[in-house]
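Q: Give me a 3D structure for the following:
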Amino acid sequence: KTSAIWLQTLDTAVQNLIVPTVNPVATKYISLIAILGSPFVAICWTILIAFLLWRKERNLINAGWLLITQFSGCTVALMIKELVHRFRPADQVIKNGGFSFPSGHTFATAIVVLAVLYFIVPWLQDRELQFVVSLLSIGWVILIGFTRLYLRAHFFSDVCGSLLLAITWWEVMKLFYFRLWQKFFHTNRGN
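A: Numbering: from 1, shown residues only. The predicted structure follows:
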């Protein structure tokens with residue numbers, strides 16, 4: 001599927017738009033942003049949000065669910081990467097090893113952004129602040145996706161596919177949580 005003509009045409013067109021913008025100064029800053037959007041940093045943010053859930057709401061179940069969602073999702077993304085074996089774009093700005101699809105940076109960052117939108121934004125009382133935090137969060141995942149394209153670590157379809165994979169994984173885990181985990185928890189708690 002990764003060698004479909006329409007997909008290669010799309011990936012090449014997007015890459016051709018970005019290549020002229022590459023310069024040493026931009027690369028320095030974009031590389032730093034890419035580090036801040038790495039799966040390791042995203043996992044650290046997830047742990048912090050889980051801690052806040054436990055601390056603010058005394059909700060160990062939500063905190064645990066969030067951690068499981070991020071860690072299991074990153075594991076699934078790695079498994080898909082090994083199964084698909086899509087090679088990274090040629091002429092990378094900064095050399096990356098491994099395979100291209102899905103983008104771990106985009107996936108892990110998207111899970112953090114979904115956690116912010118789902119858990120943190122509702123805590124905020126001010127509607128304008130909710131809007132600003134939501135906009136900044138969505139902008140952050142878009143920026144991380146852009147860094148992956150700029151550095152030619154991934155194709156455009158890798159970034160889009162990773163974002164869709166993260167949203168799908170989030171929804172699957174929500175379904176699991178609301179349908180199975182809470183049912184089991186409430187059933188056993190009453191005994």
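Q: and the gap between V132 and D126?
A: From V132 over to D126 the distance is 9 Å, taken as C-beta to C-beta, to the nearest Å. Backbone N, C-alpha and C define where each C-beta goes, glycine included.
Q: Residue ranges in the protein under the pLDDT threshold?
A: 1-2, 180-191 (pLDDT under 70).
Q: The same query, at a cut-off of 90, please.
A: Low-confidence segments of the chain, defined by pLDDT under 90: 1-23, 26-27, 53-65, 82, 84-101, 103-104, 123-125, 152-155, 157, 174-191.
Q: Going along the chain, name the helices of this structure.
A: With DSSP state H as the criterion, the chain has helices at 5-18, 24-36, 39-57, 60-84, 104-115, 121-123, 127-150, 156-176, 182-189.
Q: what's the closest of those to V93?
A: Smallest distance to V93 across the helices of the chain (C-beta to C-beta): 5.8 Å, for helix 24-36.
Q: Who are the packing partners of the closest one?
A: Counting contacts by 3 or more C-beta pairs under 8 Å, 6 or more residues apart in numbering; DSSP states H and E, helix 24-36 is packed against helix 127-150.
Q: tell me which residues in the helix it packs on are buried?
A: By neighbour count with 16 or more other C-beta atoms under 10 Å, helix 127-150 contains the buried residues 130, 133-134, 137, 140-141, 143-150.
Q: Mind listing residues that contact it?
A: With contact meaning C-beta atoms under 8 Å, 6 or more residues apart in numbering, helix 127-150 is reached by 14-15, 18, 21-22, 26-27, 30-31, 33-34, 37, 93, 103, 105-106, 109-110, 113, 116-117, 120-122, 124, 154-156, 158-159, 162-163.
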